[in-house]
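A.B. asks: Attaching a predicted model along with its sequence, questions to come.
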Amino acid sequence: MVESQYAKYVLREPKGKLHDGTVFDGFLATPERLGVDCQILFSTIVKANLEGDESEPHKHDFPHVMCFFGSNPLDLYDFDAEIEFYMGGEKQIIDAPSIVTVPAGLIHCPLIFKRVGKPVMWLEVMLTSRYDRE
């Protein structure tokens, strides 16, 4: 069978390593693997992490968007969690499906999943050709 000329655009088994070198147990698509100036991270959060998943405040020279929604495929608004996300030092409480835009240069984090009654789907799209943080 002849392989499709477009098969190169299908990223199979999208696992990868995070910026700290740990293997990410979700979907991770980097610009090198996608062939576009974008990085995508997708995971399911099943338990609280009171120490923070991204504990250190930092900033990037690119914008990114984070989406938090329920894991019920028949009702993505079925959301039972409380998340704290700091932007510019101000705490934002996410307790409903939400999309958060983080402009380039804005100091953000920690990101803390305070309570997870039902699994939360977390999708992050970073509009960059490379991941850097300060």
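C.D. replies: That came through fine.

A.B. asks: pLDDT below threshold where in the chain?
C.D. replies: 1-2, 17-24, 50-54 (pLDDT under 70).

A.B. asks: Output the longest strand belonging to this structure.
C.D. replies: As assigned by DSSP state E, the longest strand anywhere in the chain is strand 108-116.

A.B. asks: Buried residues in it, which are they?
C.D. replies: Buried positions in strand 108-116, judged by neighbour count with 16 or more other Cβ atoms under 10 Å: 108, 109, 110, 111, 112, 113, 116. The way it works is simple: take the backbone N, C-alpha and C, and place the C-beta from them, glycine included.

A.B. asks: try stretch 62-80
C.D. replies: 62, 64, 66, 68, 69, 70, 71, 79.

A.B. asks: now residue 108: how far from residue 124?
C.D. replies: 12 Å (Cβ to Cβ, to the nearest Å).

A.B. asks: follow-up on the earlier one: ok, of the buried residues of stretch 62-80, which one's closest to residue 47?
C.D. replies: Within those, proximity to residue 47 (Cβ to Cβ) peaks at residue 71, which comes in at 12.9 Å.

A.B. asks: so that closest one touches residue 44, yeah?
C.D. replies: Yes - the criterion here is Cβ atoms under 8 Å, and residue 71 meets it with residue 44 at 6.1 Å.
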